[in-house]
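here are the coordinates; sequence isn't available:
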C-alpha cells in the first residue's frame, strides 16, 4: 500500500486563532488530495479537492476563505483553519489517490481539532 | 457520482459471515465500486474494489450483479475487531468526485 501522514494528530487552540494541518504522501506523489471533515457519529464530508500547483476546488457550503488549502508540492497539502471558532471543532482527514486509474484512496490518520 | 444507499447499522456475532449491501441505482458505465472500513478516530482504510461479478481478497469478497445497481461486501467469520463503519463509494476512474455516503455501522458481539 501507500502511506499518507497527517500532522498534528490533535490540536487544541483558542477561539480566533488559526491552525494549520499538514497532509503528506510519504511514498508516492499525489497530484490530487482530498480534505474531509467528520463530526461524531457522522460520515465523512468532503470539504475540498486539493490540486498540486493550482487552486483547490471547494464543495458547496465550505468557506474557502476560512479553510485555506495549499498544495504546493506533489507530496504535501495543507489545510489552515483561519480564525477558528468552537463550531470548527471536528475531525479533519486527508486522503490521496496514488493511481488515478483505480478507486483506491489512501487516508491519513486524521487530525482532531478542538477550539476552546 | 452515483449516490449510494446502505443500511445505517447491522449487528452480528463473532464467527458469522456478514453481508452489507449497497445500492447505487445510477451507476455509470465507467464507475467502479469501492469499499472502505473506518474505526473511531482513524482515517478510513480501503478494503476492496470491483467492477462486476465477484472479487475476493484476503479480507473480504465483493459481489456485484450483472446490472451493477448494487453490490454486497461479504466479511467471512467476523471478529470483535471488525466492529467499524463500512462505506461504499462509487468512483469513476480519472474523476475526482470522492463524496462518501452515510456508511453502515457494523457491531460484532461476542
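Cool, got the structure. Everything quoted here is computed from the prediction, not taken from an experiment. Numbering: from 1, shown residues only, chains lettered A, B, ... in the order given.

How about the contacts made by residue 104?
I went with chain A, as the question did not name one. Contacts for residue A:104 (CB atoms under 8 Å, 6 or more residues apart in numbering or on different chains) come out as A:97-98, B:34, B:46, B:49. All C-beta spots, glycine's among them, are computed from the backbone N, C-alpha and C.

that's the other chain; I wanted chain B
Residue B:104 is in contact with B:6-10, B:20, B:85-87, counting by CB under 8 Å, 6+ apart.

Which secondary structure state is assigned to the residue sitting furthest away from the middle of chain A?
Distance to the chain centre peaks in chain A at residue A:101, reaching 22.2 Å (criterion: CA atoms, centre = their mean). Three-state assignment for residue A:101 (DSSP: H, G, I helix; E, B strand; the rest coil): coil.

Can you give me the neighbour number for the residue nearest to it when sequence neighbours are not counted?
What sits nearest to residue A:101 in space, not counting adjacent residues and going by CB to CB, 6 or more residues apart in numbering or on different chains, is residue B:93, at 5.3 Å. Neighbourhood size, residue B:93 [other CB atoms under 10 Å in any protein chain shown]: 13.

same check, this time on residue B:107
Look at residue B:107: counted by other CB under 10 Å, it has 13 neighbours.

ok, it touching residue B:13?
No: using CB atoms under 8 Å, residue B:107 is not in contact with residue B:13, being 9.9 Å away.

Run through the strands of chain A in chain order.
With DSSP state E as the criterion, chain A has strands at A:4-7, A:10-13, A:19-25, A:32-38, A:45-51, A:57-58, A:67-73, A:76-81, A:90-96, A:106-107, A:111-115.

how many neighbours does residue B:83 have?
Residue B:83 has 16 nearby residues by other CB under 10 Å.

contacting residues around it?
Contacts of residue B:83 (CB under 8 Å, 6+ apart): B:106-108.

same thing with residue A:109?
Contacts for residue A:109 were tallied using CB under 8 Å, 6+ apart; they are A:5-6, A:9, B:42-43.

And it, how close does it get to residue A:37?
Distance of residue A:109 to residue A:37, computed by CB to CB, to the nearest Å: 15 Å.

so where's chain B shaky on pLDDT?
Residue ranges of chain B with pLDDT under 70: B:1-2.

Point out the residues in chain A that sit beside chain B.
A:1, A:4, A:6, A:32, A:34, A:36, A:43-46, A:49, A:59, A:91, A:93-95, A:97, A:100-110, A:112 (CB under 8 Å from any CB of the partner chain).

please redo it, this time with the cut-off set to 6 Å
A:32, A:34, A:43-44, A:46, A:49, A:93, A:100-101, A:103-104, A:107-110 (CB under 6 Å from any CB of the partner chain).

Now the buried members of those.
Among these, the ones that count as buried by 16 or more other CB atoms under 10 Å in any protein chain shown are A:32, A:34, A:43-44, A:46, A:49, A:93, A:103-104, A:107-108, A:110.

Excluding chain neighbours, what is closest to residue 59?
Unless you meant another one, I'm taking chain A. residue A:46 (5.4 Å).

that's the wrong chain, I wanted chain B
Computed as CB to CB, 6+ apart, the closest residue to residue B:59 that is not its neighbour in sequence is residue B:47, at 5.8 Å.

ok, that neighbour touching residue B:60?
Yes: using CB atoms under 6 Å, residue B:47 is in contact with residue B:60, at 5.5 Å.
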